[in-house]
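**Q** task: produce atomic coordinates for the following.
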Amino acid sequence: MNLPKASIPWQTSLFEVDEPLCIAIDDAAQQAGVSPATIRNWIKTGYLKKERRGYIDSESFANFLRHIAGMDKLTSRANKSLKDSHDHTALSSDCITKLAANQQTHESISSEYEASLSDSYRNKEGIYYTPLSIVCDLLRPHKQDVSSKTFCDPCCGSGNFIIRAIDLGFKPENVFGYDTDPVAVALTRKRIFEKTGYQSKNILQADFLAIASKINNLYFDYIYTNPPWGKKLSRAEKELYGVLFRSGKNVDTSTLFFCACLKCLHKHGELGLLLPESFFNIATFENARSKSLALDIQRLVDYGKPFKGLVTKALAIVLLNQTRDDDAESISCESSGREFHRSARSFIRNPKSILNLHCDPNASDVIRHVLSIPHITLDGHAKWGLGIVTGNNNKFSRTSPADDYIPVLRGADIKKDRILEPSCFIPAELSLYQQVAPVEFYESKIKLIYKFISADLCFFYDTEQRYILNSANMLIPSNDFPLSGTQLCSLLNSNFINWLFKSLFNTHKILRGDLEMLPIHADYFNNNNFDEISFLAFLHLEKHPDGTYRVKK
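**A** Predicted coordinates:
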């Protein structure tokens, strides 16, 4: 799956703080959308750093994807490595023939077909069939009679949502489905016939986005689907659909299908979507989240990582196409075996309307309280820079000092209270490298450097003009920023700000956009050094033994 850069998922094996972050070669191949052989070739050519057998350094992988992987030569190599090992048209024809001749059950053909799909085809089409357990949990029985209601799955695949709908009382003649894959359409039609004896003409091989963009009177009472995640569309298609469906700046297919489904949903109709985690917490999806919060959200569910070979989480949203009560705690939030209820307003108050469904009502109250206290942010009050992108660390770096070489720090060298002695040295001639921030950034007398991939915010206040590789980032507060570098560093490293960051963003990537949304309560400092206890007192908060926070009564 080819996700936007802002939402690239990461899966790392976390060791003790002094040991590196690693990622398995097979997992890296899935994330990059290439074959394991291609990953090994990139290791040989020095683009990626091997840590131990079968694993690579995750920081080198993160930086590689962010800055190098889009180069034409590498892209063409990746595309070559992903070339189908089979003829998809022939595979489709063979499966359809078997279905028509009743040579096998639809279950065996479906399993055989799904297993035969190449990585490149999945990557292009964003295809990941929904596990039946998720289908049954997401599409639950309804109290009202649905026999006269219409149901649609715009991306029906092999028909799991459609068969579930029929089991729940929807008449087969009122059930509609669309898919661009002819095998998926044939499988779904066959399953409907085997279950009901009805030869459905409502399951069509068609692009739902194209249909929804052209027909203005297409409405359904219920729409449930797992839309393609990051399906490859042309720029012209994305721009056209973005305008027609009013999706805002984000034209990822998750957003486009969300907006297209809303367009085709009856008033008071019900929509249920399985979506990538980025939809719920990445800034670029803010417009889609705002659209959902203007309606009556029923459920938010975290299903973990259900797709083999795909490391991003799958989360679901269920909503009614009607106005909501902002203050009623009617939204069911389900995650890690827990369920609690939140109000729409508790999400609307979040920066960028983030749907942090993992936070219980008490945590949400703490966030609301903290954001209500006058504060500033780093947005517009700092310069931001990446570390040096060499393009080939193996070629340029060495582990000991040498003439005309400079020491550079990696993300793993940064600790909250110290910097490890540098173990990486590169030629001082910066023009050799693929990307370098302005030299004055590195040589600033006051700057904060921090890890890019980390379970915790980890900042260090650097006054010695150190250089960094791009496994670390840096920020330089503006001259009029009311906090000193020491104060800001202590605040960002604090337990409470770490709790707040995790509660809002729930990520292992320390993104500039997220840091710029954190509240900075400048009035607390007044030339005083940071102290966690007095800071909590200033915020009228207390910390409980279990690590949670409460607003003092």
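
**Q** going forward, measure contacts between C-alpha atoms and count neighbours the same way
**A** Fine.

**Q** residues of the helix or strand containing I533 that come out buried?
**A** I533 is part of helix 532-538, with elements assigned from DSSP states H and E. By 16 or more other CA atoms under 10 Å, the buried positions in helix 532-538 come out as F535, L536.

**Q** residues in contact with P131?
**A** P306 (CA atoms under 8 Å, 6 or more residues apart in numbering).

**Q** quick one: I367 from D326, how far?
**A** When distance is defined by CA to CA, to the nearest Å, I367 is 17 Å away from D326.

**Q** so for the two, which sits in the more crowded spot?
**A** The residue with more neighbours, out of I367 and D326, is I367; 21 against 18, by other CA atoms under 10 Å.

**Q** let's verify the more buried one: helix, strand, or coil?
**A** What DSSP: H, G, I helix; E, B strand; the rest coil gives for I367 is helix.

**Q** surely it meets F501?
**A** No. The criterion here is CA atoms under 8 Å, and I367 misses it with F501 at 10.1 Å.

**Q** show which residues not belonging to the strand or helix carrying L504 make contact with it.
**A** Using DSSP H and E, L504 sits within helix 495-505. Contacts of helix 495-505 from elsewhere in the structure, counted by CA under 8 Å, 6+ apart, are 281-282, 350, 354, 356, 358-359, 363, 367, 456-457, 491-492, 514, 518, 532.

**Q** flag the least confident of those residues.
**A** Minimum pLDDT for those is recorded at I282 (88).

**Q** just to revisit the earlier point, out of the contacts of helix 495-505, list just those in helices.
**A** Among the contacts of helix 495-505, the members falling in helices (DSSP state H) are N281, A363, I367, L491, L492, D514, E532.

**Q** ramachandran coordinates for K447?
**A** Taking degrees, to the nearest 10, you get phi -150, psi 150 for the backbone angles of K447.

**Q** and the pLDDT at it?
**A** As predicted, K447 sits at a pLDDT of 96.

**Q** hang on, the earlier thing: what's the most distant pair in the contacts of helix 495-505?
**A** I282 and E532 (28.8 Å; CA to CA).

**Q** may I see the buried residues of the longest strand anywhere in the chain?
**A** Across the chain, the longest stretch assigned as strand under DSSP state E is strand 265-276. By 16+ other CA under 10 Å, the buried positions in strand 265-276 come out as L265, H266, G269, E270, L271, G272, L273, L274, L275, P276.

**Q** tell me the phi and psi of H508?
**A** According to degrees, to the nearest 10, H508 has phi -100, psi 10.

**Q** cool, and I56?
**A** With angles defined as degrees, to the nearest 10, I56 sits at phi -120, psi 160.

**Q** what's the separation between it and R40?
**A** Distance, I56 to R40, using CA to CA: 9 Å.

**Q** quick one: which of these two has more around it?
**A** Taking other CA under 10 Å, I56 and R40 do not tie; I56 has more neighbours (23 against 18).

**Q** chain center to the host helix or strand of A184, what's the gap?
**A** Using DSSP H and E, the element containing A184 is helix 182-196. Once both centres are worked out by CA atoms, centre = their mean, to the nearest Å, helix 182-196 turns out to sit 32 Å from its chain's centre.

**Q** buried residues, that helix. List them.
**A** So, applying 16+ other CA under 10 Å, buried residues of helix 182-196: P182, V183, A184, V185, A186, L187, T188, R189, K190, R191, I192.

**Q** need the residues you listed in JSON lines (columns: distance to A522 and pLDDT).
**A** Listed next are these as JSON lines, based on distance: CA to CA, whole Å; pLDDT from 0 to 100:
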{"residue": "P182", "distance to A522": "60", "pLDDT": "89"}
{"residue": "V183", "distance to A522": "60", "pLDDT": "86"}
{"residue": "A184", "distance to A522": "57", "pLDDT": "87"}
{"residue": "V185", "distance to A522": "59", "pLDDT": "92"}
{"residue": "A186", "distance to A522": "62", "pLDDT": "90"}
{"residue": "L187", "distance to A522": "61", "pLDDT": "90"}
{"residue": "T188", "distance to A522": "59", "pLDDT": "93"}
{"residue": "R189", "distance to A522": "63", "pLDDT": "94"}
{"residue": "K190", "distance to A522": "65", "pLDDT": "91"}
{"residue": "R191", "distance to A522": "63", "pLDDT": "92"}
{"residue": "I192", "distance to A522": "63", "pLDDT": "95"}
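
**Q** just checking, what packs against the helix holding A184?
**A** Contacts defined by 3 or more CA pairs under 8 Å, 6 or more residues apart in numbering; DSSP states H and E place helix 182-196 against helix 88-101, helix 106-116, helix 160-167, strand 203-205.

**Q** any idea of the angle that helix forms with helix 160-167?
**A** 20 degrees (axes from the mean of the first three to the mean of the last three CA atoms, to 10 degrees).

**Q** which neighbours do I56 and R40 have in common?
**A** Common neighbours of I56 and R40 are listed as I25 (criterion: CA under 8 Å, 6+ apart).

**Q** coming back round to it: which one of the ones in helices among the contacts of helix 495-505 sits in the busiest neighbourhood?
**A** Going by other CA under 10 Å, N281 tops the ones in helices among the contacts of helix 495-505 with 24 neighbours.

**Q** ok, that residue - contacts?
**A** I354, L355, N356, L504, F505, N506.

**Q** try 10 Å
**A** For N281, the contacting residues are 7, 289, 351-357, 504-507, 514, by CA atoms under 10 Å, 6 or more residues apart in numbering.

**Q** of these, closest to K415?
**A** Nearest to K415 out of those is T507 (CA to CA; 19.0 Å).
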